[in-house]
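Q: this is a predicted model, with the sequence first.
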Amino acid sequence: MQYKIITPEEAAGMVEEGCRIMIGGFAGSGNPMKVVHAIEKKGVKNLTLIGNDTGDSYILDDHVGVLVDNHQIKKAIVTHIGRNPETCKQFNEGQIEVEFVPQGTLVERIRCAGYGLGAAITKTGVGTEIEEGKDTIVIDGEKYLVEKPIFADVCVVRVERADKLGNVIFHGSDRAHSQVMLTAAKTTIVQADEIVEVGELDPDFITVPGIFVDYIVDGGKND
């Protein structure tokens with residue numbers, strides 16, 4: 001039986017110049033930092049970051065924003081910047097492009113990519129700056145935005161437990177973005193707090209089956 005376990009460095013090796021990379025987590029919570037730091041060390045540039053935010057500098061360097069700090073991100077597709085002043089600085093200086101997407105809309109756009117849907121139709125953002133440059137549609141007299149799918153080259157998320165076939169269980173709300181992200185990338189990687197043998201996970205609690213997971217990185221229990 002062929003297992004999918006790789007090192008953080010091998011995971012980082014799959015992120016190439018100009019990649020679109022989805023990274024799970026919320027304001028520093030649930031970020032797959034072993035892989036993120038390996039990407040930081042690799043120094044690959046011109047990445048498009050897709051995720052909830054660009055990190056929280058108040059929790060030292062344990063947040064996805066270290067890639068912004070290292071000038072590896074050319075564009076961020078996020079719901080908000082987060083508490084990372086470096087993102088604001090680079091944005092004001094024209095070094096990084098930021099596309100703001102309402103939080104629910106971001107998840108739906110990712111889900112559309114993973115589920116093969118052409119677009120998400122939503123009233124969120126109608127009449128605001130979010131509407132600028134987007135297609136709209138009228139249904140029963142109501143105007144909606146046509147929000148196109150967001151697909152990535154690589155997705156990296158953190159999970160609580162994974163077996164050696166890639167079946168995973170998330171911790172609490174960590175699944176909020178990450179669960180759909182695993183359906184919407186060419187290459188999917190999970191950083192697992194704990195890796196167990198096949199058969200040890202209760203099937204009733206598996207959040208995402210291994211068919212959606214290409215590789216597993218050992219994140220270290222309670223890391």
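A: Sure, I can see it. Residues are numbered from 1 along each chain as shown.
Q: could you point out the longest helix in this protein?
A: helix 103-115 (DSSP state H).
Q: can you list the strands that the helix or strand that comes right after that one pairs with?
A: Reading on from helix 103-115 to the C-terminus, the next helix or strand found by DSSP states H and E is strand 120-122. Strand 120-122 has the following strand partners under DSSP bridges: strand 142-147 (antiparallel).
Q: now the partner strand against helix 103-115, angle please.
A: Put simply, strand 142-147 runs at 60 degrees to helix 103-115, going by axes from the mean of the first three to the mean of the last three CA atoms, to 10 degrees.
Q: from the contact counts, what lies against the helix or strand following strand 142-147?
A: Sequence order places strand 152-163 as the next helix or strand after strand 142-147, per DSSP H and E. Other elements packing on strand 152-163 under the criterion 3 or more CB pairs under 8 Å, 6 or more residues apart in numbering; DSSP states H and E are strand 20-23, helix 33-42, strand 168-169, helix 175-181, strand 185-196. C-beta here means a position set from N, CA and C on the backbone, and glycine is covered the same way.
Q: can you give me how far the third one is from the chain middle?
A: Taking the mean C-alpha point of strand 168-169 and that of its whole chain, the gap between them comes to 16 Å (CA atoms, centre = their mean, to the nearest Å).
Q: which elements pack onto that strand?
A: Using 3+ CB pairs under 8 Å, 6+ apart, strand 168-169 sits against strand 152-163.
Q: and the strand it packs on with strand 185-196, angle?
A: Going by the same axes, to 10 degrees, strand 152-163 makes 20 degrees with strand 185-196.
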